[in-house]
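K.L.:
A predicted structure for the sequence below; I have some questions about it.
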Amino acid sequence: MVYTRVDITKRAEKLLQDLKAKHGKVIFHQSGGCCDGSSPMLLPEEDFYLDESDILMGEIGGVKFYMNEAQFDYWKHTHLTVDVTQGRGSSFSLEIPEGYRFLIKSRLLTKEEELYFNE
Amino acid sequence: MNYTKPKFKEKYGNYINGEFIDPIGGQYFENTSPTNNQLIAKYPRSQKEDVENAVDAANAAKEAWGNTSAAHRSSILQKIADVIQDNLDEFAAIDTYDNGKAIRETVNADIPLAVDHFRYFASVIRAEEGSATELNENTLSLIIKEPLGVVAQIIPWNFPMLMLAWKVAPALASGNCVVLKPAEQTPSSATFLMEKIGHLLPPGVLNVIHGFGPEAGKPLASSSKVNKVAFTGETTTGQMIMQYASKNLNPVTMELGGKSPNIFFNSVMDQDDEFLDKCIEGAVLFAFNQGEVCTCPSRLLVQEDIYDKFMDRVVKRTKAIIQGDPFDPNTQIGAQASNDQYEKILSYMNIGKDEGAKVLCGGEAFKASGEYADGFYIQPTILEGHNKMRVFQEEIFGPVLAVCKFKDEAEAIEIANDTLYGLGAGVWTRDAHQLYQIPRAIKAGRVWVNCYHDYPAHAPFGGYKKSGFGRENHLMMLNHYRQTKNMLISYDRNKLGFF
């Protein structure tokens, strides 16, 4: 059985594919902090400096999903699903001009997933 | 006083070089009100070229503006304050409609504080001085503060006018020209302000650009023609802005939010008096501004021996909050700022319940009635759990309080500091020792003691840890917008003797 930490809904993936076609290589980086924090940011791959402190959580729709390790420490027991809603964030995330905002839906990892990832 | 929805034009321009102009590409975005999901007006969807024009206008104006006297700039800032004061009700109604917050807050907090901020910086620049020091009998060191030049400022949507004042007042006071990008959710009060005060400033000194982060925010933050970037927002964008600044070797200041602990020691319940009543209100202040405050006291820590009695009163007071019509002066909590905020908050409530947090009150959306039925309202919610839960660790930016118990001072400090952030904190006690020692032990830039959510212009505000760096408010802010020029003058007639 292969488990994943991150998934994406169909409607979010559709938007993601459109944005990939428009912007080329992109990544997700989970943000924290105020205002539009605690939401995933879709960024041009070459725009964001990644290093070993960014944990690769998985790949969705051909796009890598990262989170900073300090934040990951608190999130590691949860499974994330990237979804999309109409709205207007104010960050540098690429979907915002299209009138959409990616957001995270979370659930706790199942016992099997916990064993697989964290034991 | 009756407050009503303000009237808007169909569309607005950017404010560049002293006039409102259309975006070059001719594109606009629709700004809607979160109170009822109705269209407010169209604002420019600016692109790189628009941003460059604004930055060029600011650069053209910086020499003359930077050389004006403090007395002159002070007088202009006082006039700006007068205009905001004279139009207080209109500014309040605009921010209420644009952001969703209750009118009693914009009337009594946001706008009066914005006025005071301009007055404060108008005043302090008249009183401060540089320095002259005789380093030895022949050498004089003069320290003269000079403006940086052009400052880029990207502000958030939670206090549109007040965050504008926090950023713009000290930058103008210290002699800089500004290119400001308001948040795309709340572009209205900045536009209305420029309609009212534009004539008070020389063209190019204060420019306002509207648009989206990737299209307008990014070229502004990465421009090699600005000398500083000031940002309030979340951590990923904060990192990106610092990356761009590193290419330009530009200074930045970052205000990136928090997960602020609000700690109540058992002595608060020693008496049932007006102070205890103040403490209960202090715990319920999580709901202030719908929880959309960087310093929202979103983690409540209560000493275990008073926990049950104290929480009974907190829950009761929370349930008594009046919610709904943001234009009703009796309303205490209005709408969340946008649909995506609303969805995010509901999603956090679910993960909280999923992780085993107990819902003490709220826990769901709030259905507003009548014309506000399509707005984005959330019930003030209290979740009981422990500090490792995600609802205790992540900024939800909604009216959601996470509460837990602590045994003693050591445990209170440990829980308070067990967070990535360090912006605000509250300490409530009748014990004189705790009043001093606990705030010193908390790793946060602002610790309120026996109070919360007070933001005087005269007190520095900013974060430790991942809440950012640099400060806002207070006259020290001037130095975040200035260079230090040192003139080292020799009065010695004789050569060194080296060559």
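P.N.:
Structure received.
K.L.:
Spell out which parts of the stretch 51-200 of chain B neighbour chain A.
P.N.:
The stretch 51-200 of chain B comes close to chain A at residues B:156-158, B:183-185, as judged by C-beta under 8 Å from any C-beta of the partner chain. C-beta coordinates here come from the backbone N, C-alpha and C atoms, glycine included.
K.L.:
list the contacts for the residue in chain A positioned nearest to chain B?
P.N.:
Closest residue of chain A to chain B, C-beta to the nearest C-beta: A:Cys34 (2.5 Å). A:Cys34 makes contact with B:156, B:158, B:232-234, B:255-258, B:294, B:395, B:397, according to C-beta atoms under 8 Å, 6 or more residues apart in numbering or on different chains.
K.L.:
separation between the nearest residue to it once chain neighbours are set aside and B:Cys404?
P.N.:
Spatial nearest neighbour of A:Cys34, chain neighbours left out: B:Gly257 (2.5 Å); criterion: C-beta to C-beta, 6 or more residues apart in numbering or on different chains. Separation of B:Gly257 from B:Cys404 (C-beta to C-beta, to the nearest Å) stands at 20 Å.
K.L.:
and if you look at A:Val82?
P.N.:
A:Val82 sits 30 Å away from B:Cys404, going by C-beta to C-beta.
K.L.:
Packing partners of the helix or strand hosting B:Asp308?
P.N.:
B:Asp308 belongs to helix B:307-319 when elements are defined using DSSP states H and E. Other elements packing on helix B:307-319 under the criterion 3 or more C-beta pairs under 8 Å, 6 or more residues apart in numbering or on different chains; DSSP states H and E are helix B:274-284, strand B:299-303, strand B:358-361, strand B:381-384, strand B:400-406.
K.L.:
Looking at it now, give me its mean pLDDT.
P.N.:
Averaged across helix B:307-319, pLDDT comes to 98.
K.L.:
Would you mark the buried spots in that helix?
P.N.:
The neighbour-count check on helix B:307-319 (16 or more other C-beta atoms under 10 Å in any protein chain shown) flags B:307, B:310-311, B:313-315, B:317-318 as buried.
K.L.:
what's the neighbour count on B:Ala410?
P.N.:
As a burial measure, B:Ala410 scores 10 neighbours (other C-beta atoms under 10 Å in any protein chain shown).
K.L.:
again, but for B:Thr35
P.N.:
Counted with other C-beta under 10 Å, B:Thr35 comes out at 27.
K.L.:
Spit out the contact partners of it.
P.N.:
Residues in contact with B:Thr35, defined by C-beta under 8 Å, 6+ apart, are B:96-97, B:100, B:326, B:334-335, B:372, B:375.
K.L.:
so what's it scoring on pLDDT?
P.N.:
In this prediction B:Thr35 is given a pLDDT of 96.
K.L.:
Which strand or helix spans it?
P.N.:
Per DSSP H and E, there is no helix or strand for B:Thr35.
K.L.:
Can you get me a residue count around the residue of the stretch 51-200 of chain B found nearest chain A?
P.N.:
At 4.1 Å from chain A, B:Ala183 is the closest residue in the stretch 51-200 of chain B, using C-beta to the nearest C-beta. Using other C-beta under 10 Å, the number of residues around B:Ala183 comes to 29.
K.L.:
A:Glu114 now?
P.N.:
For A:Glu114, using other C-beta under 10 Å, the count is 14.
K.L.:
picking that back up, want to throw the contacts of B:Thr35 into JSON lines with neighbour count, secondary structure and pLDDT?
P.N.:
Below are the contacts of B:Thr35 laid out as JSON lines (neighbours: other C-beta atoms under 10 Å in any protein chain shown; DSSP: H, G, I helix; E, B strand; the rest coil; pLDDT from 0 to 100):
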{"residue": "B:Thr96", "neighbour count": "27", "secondary structure": "helix", "pLDDT": "98"}
{"residue": "B:Tyr97", "neighbour count": "28", "secondary structure": "helix", "pLDDT": "97"}
{"residue": "B:Gly100", "neighbour count": "30", "secondary structure": "coil", "pLDDT": "97"}
{"residue": "B:Pro326", "neighbour count": "31", "secondary structure": "coil", "pLDDT": "96"}
{"residue": "B:Gly334", "neighbour count": "31", "secondary structure": "coil", "pLDDT": "97"}
{"residue": "B:Ala335", "neighbour count": "30", "secondary structure": "coil", "pLDDT": "97"}
{"residue": "B:Tyr372", "neighbour count": "23", "secondary structure": "helix", "pLDDT": "95"}
{"residue": "B:Gly375", "neighbour count": "24", "secondary structure": "coil", "pLDDT": "95"}
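K.L.:
hang on, the earlier thing: can you say which of the helices and strands packed on helix B:307-319 is nearest to chain A?
P.N.:
Comparing those by C-beta to the nearest C-beta, strand B:400-406 comes nearest, at 11.6 Å.
K.L.:
Which strands border that closest one, and is each parallel or antiparallel?
P.N.:
strand B:299-303 (parallel), strand B:381-384 (parallel) (DSSP bridges).
K.L.:
For the residue most central in space within chain B, give me its contacts.
P.N.:
By C-alpha atoms, centre = their mean, chain B has its centre lying nearest to B:Met163, at 4.7 Å. Residues in contact with B:Met163, defined by C-beta under 8 Å, 6+ apart, are B:155-156, B:232.
K.L.:
Would you mind checking those for buried ones?
P.N.:
B:155-156, B:232.
K.L.:
From B:Asn248, how far out is the closest residue to chain A within the stretch 151-300 of chain B?
P.N.:
As assessed by C-beta to the nearest C-beta, chain A sits closest to B:Gly257 within the stretch 151-300 of chain B, at 2.5 Å. Going from B:Gly257 to B:Asn248 by C-beta to C-beta gives 25 Å.
K.L.:
more neighbours, those two?
P.N.:
B:Gly257 (34 against 17).
K.L.:
A:Gly33 is in contact with the more buried one, correct?
P.N.:
Yes. With contact defined as C-beta atoms under 8 Å, B:Gly257 reaches A:Gly33; the gap is 3.6 Å.
K.L.:
Got the phi and psi for B:Gln27?
P.N.:
In terms of degrees, to the nearest 10, the main-chain angles of B:Gln27 are phi -100, psi 140.
K.L.:
shouldn't it be in contact with B:Glu49?
P.N.:
No. The pair B:Gln27 / B:Glu49 is not scored as a contact, 11.7 Å apart, by C-beta under 8 Å.
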